[in-house]
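Novice: below is the sequence, then the predicted model.
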Amino acid sequence: MAEVIRKINGVEICTEDFGDPTMPAVLLMMGATASMMWWDDRFCTALADQGRYVIRYDNRDTGQSTCYEPGRPPYNVIDLADDAVSLLDSFGLKDAHLVGMSLGGMIAQIVAIRNPDRVRTVTAISSSVWDDRPELMQMDEQVLAHHATASSVDWSDRRSVVDFMVEGCRILNGSAHAFNENAARKLAERDMDRARSLLSMFNHAQLTGGEDLYGRSVEIRCPFLIIHGTEDPILPFAHARALHADVAGSTLLALEGVGHELHEADWPVILEAIAAHTGL
């Protein structure tokens, strides 16, 4: 288990793999602004112990992957989807089970629409249907207010940056579990220490592309699992219902009182569901 930089599509993508490469592959796709570290080491190891070959990676503008000047991303969402497919090529994989968190779940849908032969199953965690659906409930005002304070953070001061990131995690926490500030602080510190350009993560907020694929999640035919917290402040539970309605035969697992998070207390349920789903 070691981080490896893979050169694909003219960029560098940092990857790390867990488990036996001869086992069914699971590609973990993280959401906007978050590095692959948000897939906890122990979570990845536990999934690999279920007989899966687990791969996580930093999307562009996060972690050790290629980063661009803040405010000027020269790529779009389709490029991120193409990166996922090219990563499978770089590992010599014909196909994989895709597990995406938030934006990662939407990127997984794009891959399933455009490259169905490369996708065995999709698991979308705290995600939404790939579509323009203004009628769905919007992001909680607390989240928007927190992000609005980013401009006042001293990004050269480690404590200020970590405090900002920890507070963001606190807002995403649901009522089902007590907020683990210590774990959030360790994650924020790890993210900061290994980021090529931490501010570049905000480029994800400006991403466009894939509009021609809006509404086409209904075309997805591979087994599809939706895992979603009922108190998600980023993508409220209505988004999970919309995705469940759009993808025929999909399964919806509701996590009562859970926010936009992969809380350690929920790992057993999440891991069991993914293991069963990817065992199809």
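Specialist: Here it is on my side, so go on. What you are looking at is a predicted structure, and each value in this text was computed from that prediction instead of being measured.

Novice: contacts and neighbour counts: CA atoms only from here.
Specialist: OK.

Novice: would Val269 count as being in a helix?
Specialist: Yes. Val269: assigned to a helix according to DSSP: H, G, I helix; E, B strand; the rest coil.

Novice: what is the neighbour count of it?
Specialist: 13 (other CA atoms under 10 Å).

Novice: same thing with Ala178?
Specialist: For Ala178, using other CA under 10 Å, the count is 11.

Novice: let's have the chain start at 47 instead
Specialist: All right, first residue 47 from here; so that's Ala224.

Novice: just the element for it, please.
Specialist: For Ala224, there is no host helix or strand (DSSP states H and E).

Novice: quick one: contacts for the residue nearest in space to the middle of the chain?
Specialist: Centroid-nearest residue in the chain, with CA atoms, centre = their mean: Met76, separated by 2.2 Å. Residues in contact with Met76 (CA atoms under 8 Å, 6 or more residues apart in numbering) are 82, 84-85, 103-105, 146-150.

Novice: just the ones of these in strands?
Specialist: Counting by DSSP state E, these place 103, 146-147 in strands.

Novice: selecting buried members of these in PyMOL, what would you type?
Specialist: The buried subset of those, as determined by 16 or more other CA atoms under 10 Å, is captured in PyMOL by this line:
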select buried, resi 103+146+147
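
Novice: circling back to that earlier point, highest neighbour count among the contacts of Met76?
Specialist: Counting neighbours by other CA under 10 Å, Asn105 comes out on top of these with 30 neighbours.

Novice: now do the same contact list for it.
Specialist: So Asn105 contacts 59, 76, 81-82, 111, 126 (CA under 8 Å, 6+ apart).

Novice: now do 7 Å
Specialist: 59, 81, 111 (CA atoms under 7 Å, 6 or more residues apart in numbering).

Novice: which of those residues sits closest to Leu301?
Specialist: Taking CA to CA as the measure, Ser81 is the one of the contacts of Asn105 closest to Leu301, at 23.5 Å.

Novice: what's the neighbour count on that closest one?
Specialist: 27.

Novice: and it, how far from Asp129?
Specialist: 15 Å (CA to CA, to the nearest Å).

Novice: and if you look at Ala319?
Specialist: Taking CA to CA, one finds Ala319 at 26 Å from Asp129.

Novice: and those two? which has more neighbours close in?
Specialist: Set Ala319 next to Asp129 and count neighbours by other CA under 10 Å: Asp129 wins out with 21 against 17.

Novice: now the element after the particular helix or strand that has His193 in it, going C-ward?
Specialist: His193 belongs to helix 187-194 when elements are defined using DSSP H and E. The helix or strand immediately downstream of helix 187-194 is helix 204-218, counting by DSSP H and E.
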